[in-house]
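Student: what follows is a predicted structure for the sequence shown.
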Amino acid sequence: MIGAFMGVMDVSVVNVALPHMMGSFGQNLSAITWVATAYSIAAVIMMTMAGWWSTLIGRKNFYMLSFIIFTAGSILAGMSHTFPQMIACRVLQGMGGGSLVPLAQAIVREVFPKKEQGMAMALFSMGVVVAPAVGPVLGGWLTDHYGWAWIFYINIPVSLVGMLMVGTFVHDPPYLRRGIKKIDVVGIILLTLGLTGLQVFLERGQQENWFESAWILWTAIFTGISLLSLVVWELSVAEPVVNLRIFKNIQFRMGVAVVLVFGVALYGTTFILPQFTQRLLNYPAYQAGLVLMPRAVALICVLPLVGKLYNYVDPRQLMIFGIAVVCLSYFQLAHLATMAGRDNIIPILLLMGTGMPFIFVTLSTVSLSSLEKEYMTSASGLFNLFQQVGGNIGYAIVATLLERNTQIHHSYLAEHISQFNPYFVNFYHQTVGFMYRHGMALGTSRETAMAMVNGLVTRQAEMMAYNDISLFLMVIFLFCIPLILMIPVQKSHFDSTVALEM
């Protein structure tokens with residue numbers, strides 16, 4: 001769980017420090033976001049290749065190597081003095097951190113007996129779920145008190161503990177295949193090109209106005225060709241770098257489809273809530289992280305309950321119940337106003353945190369339960385890849401909706417700012433009169449009053465855009481229900497394993 005925690009936390013912990021890095025490296029906002037993008041690109045590539053690397057050098061060896069690379073990348077990132085150095089170190093860090101989650105998940109899935117897998121995945125998920133919540137809080141505190149370099153240095157002692165425990169307690173089981181006769185060079189190249197293009201397209205598309213940008217359009221075309229070629233090639237070679245034949249298993253295939261959609265909604269939420277609390281409620285990053293902590297607390301409390309219920313309740317019913325609870329929380333989020341405070345937000349987040357474990361834990365357990373153990377590492381890598389891709393899609397959609405819906409609502413509200421609107425006229429004259437009586441020139445008073453009106457309109461338009469996004473994410477979660485119902489789960493799913501037909 002330590003490895004998974006570190007790999008997930010380092011995605012979110014750096015975000016709050018980006019404004020500070022802008023000054024240190026002399027970069028603008030568009031350029032500094034490559035610090036996060038570089039890590040994501042390297043991470044998804046290594047995540048997908050986790051099974052292949054495990055076969056090549058042994059899973060325990062690869063896990064330890066990933067820890068070492070991640071720790072070295074953290075040290076070098078904290079010591080970086082130039083922007084190119086930082087980008088290179090983040091790539092190195094991502095190469096180590098990306099594979100930690102699928103390797104850890106595969107190990108947990110294999111070492112526990114079937115009747116304990118639900119609870120094991122629930123406890124394991126605590127680390128994965130707590131990490132995104134702890135990341136912004138810890139990152140904000142470290143950056144404010146010690147500087148941004150310490151968001152990287154803090155990884156060192158935790159990683160050393162993780163390496164010590166892995167070296168002591170983790171061992172490769174005898175059924176894992178070792179050795180590769182021929183390295184799939186073409187597959188590695190296509191995988192690298194395809195996933196790099198996909199990450200760049202999703203993370204930079206909004207900034208470049210999507211397909212109105214020629215280079216984004218060509219990136220999309222290049223990515224599509226690379227990924228399609230990768231699928232064709234990997235299905236034709238004997239030892240592929242990505243074992244796509246796992247998708248023959250319908251339970252895993254449907255689980256991956258659900259986690260892709262789930263990732264869109266989950267990571268969309270992770271993006272939108274800090275934005276809302278910081279931009280509209282004017283919370284600093286550290287306080288915004290604290291406001292979001294109740295969701296993590298609820299998750300931690302409910303996770304063991306879900307692990308216990310997994311053995312007694314149809315997992316599809318658990319997931320649908322979780323979706324219903326989460327959708328209720330989104331419905332309440334969609335009706336917040338600009339005057340919302342902690343008392344309004346915390347109950348909603350507690351409700352959301354209560355529902356999410358019923359989806360996440362159950363889905364990951366069901367999706368991987370029908371696979372033979374020798375395919376677990378490859379399957380875990382693909383499962384986490386699709387969740388990550390879904391998350392990137394969620395980020396892209398939410399960022400686009402926020403900007404464009406704000407413009408739409410602003411235009412609609414601005415139509416009502418006229419002399420025929422008595423509320424506007426009354427506010428305008430009272431504001432101008434107040435500033436004029438306090439010594440401001442009449443022309444300046446009028447300009448200031450209109451600027452205040454425009455600020456109020458923009459604020460309300462942005463609030464309406466956040467409400468729209470909450471409703472959109474609620475609908476996305478509802479789309480998961482038909483997919484969940486299509487997952488074939490045996491009544492005694494916790495006592496049997498469906499063999500994978502290869």
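Tutor: Good, I have the coordinates.
Student: which non-adjacent residue is nearest residue 3?
Tutor: Once flanking residues are discounted, residue 3 sits nearest to residue 100: 3.9 Å by C-beta to C-beta, 6 or more residues apart in numbering. For glycine as for every other residue, the C-beta is placed from the backbone atoms N, C-alpha and C.
Student: go ahead and confirm that neighbour touches residue 67.
Tutor: Yes. Contact criterion C-beta atoms under 8 Å: residue 100 and residue 67 qualify, at 7.2 Å.
Student: now the common contact residues for these two.
Tutor: residue 3 (C-beta atoms under 8 Å, 6 or more residues apart in numbering).
Student: residues near the residue nearest to residue 3, how many?
Tutor: Neighbours of residue 100 under the rule other C-beta atoms under 10 Å: 27.
Student: give me the mean pLDDT for stretch 408-422.
Tutor: Stretch 408-422 comes out with an average pLDDT of 87.
Student: err, stretch 455-463, not the other one
Tutor: Mean pLDDT, computed over stretch 455-463, is 91.
Student: same question for stretch 434-446.
Tutor: In this model, stretch 434-446 carries a mean pLDDT of 83.
Student: residue ranges with poor pLDDT in the stretch 151-300 of the chain?
Tutor: Within the stretch 151-300 of the chain, the segments meeting pLDDT under 70 span 285-286, 289.
Student: helices of that one, residue ranges please.
Tutor: Here the stretch 151-300 of the chain has its helices, by DSSP state H, counting those that start in this stretch, at 155-169, 185-204, 214-234, 250-279, 285-291, 293-309.
Student: got the phi/psi numbers for residue 487?
Tutor: With angles defined as degrees, to the nearest 10, residue 487 sits at phi -80, psi 120.
Student: that one is in contact with residue 317, isn't it?
Tutor: No. In this structure, residue 487 is not within contact of residue 317 by C-beta under 8 Å, at 11.6 Å.
Student: tell me which of those two has more neighbours.
Tutor: Higher neighbour count among residue 487 and residue 317: residue 487, with 22 against 14, using other C-beta under 10 Å.
Student: any idea how far the closest residue in space to the more buried one that isn't next to it in sequence lies from residue 247?
Tutor: Spatially, and ignoring its direct neighbours in sequence, residue 487 is nearest to residue 254 (4.5 Å; C-beta to C-beta, 6+ apart). With distances taken as C-beta to C-beta, to the nearest Å, residue 254 is found 10 Å from residue 247.
Student: those two: who's more crowded?
Tutor: Taking other C-beta under 10 Å, residue 254 and residue 247 do not tie; residue 254 has more neighbours (20 against 14).
Student: surely that one and residue 485 touch.
Tutor: No. In this structure, residue 254 is not within contact of residue 485 by C-beta under 8 Å, at 9.5 Å.
Student: separation between residue 332 and residue 359?
Tutor: The spacing between residue 332 and residue 359, counted by C-beta to C-beta, is 18 Å.
Student: neighbours around residue 313, how many?
Tutor: Neighbour count for residue 313, taken as other C-beta under 10 Å: 15.
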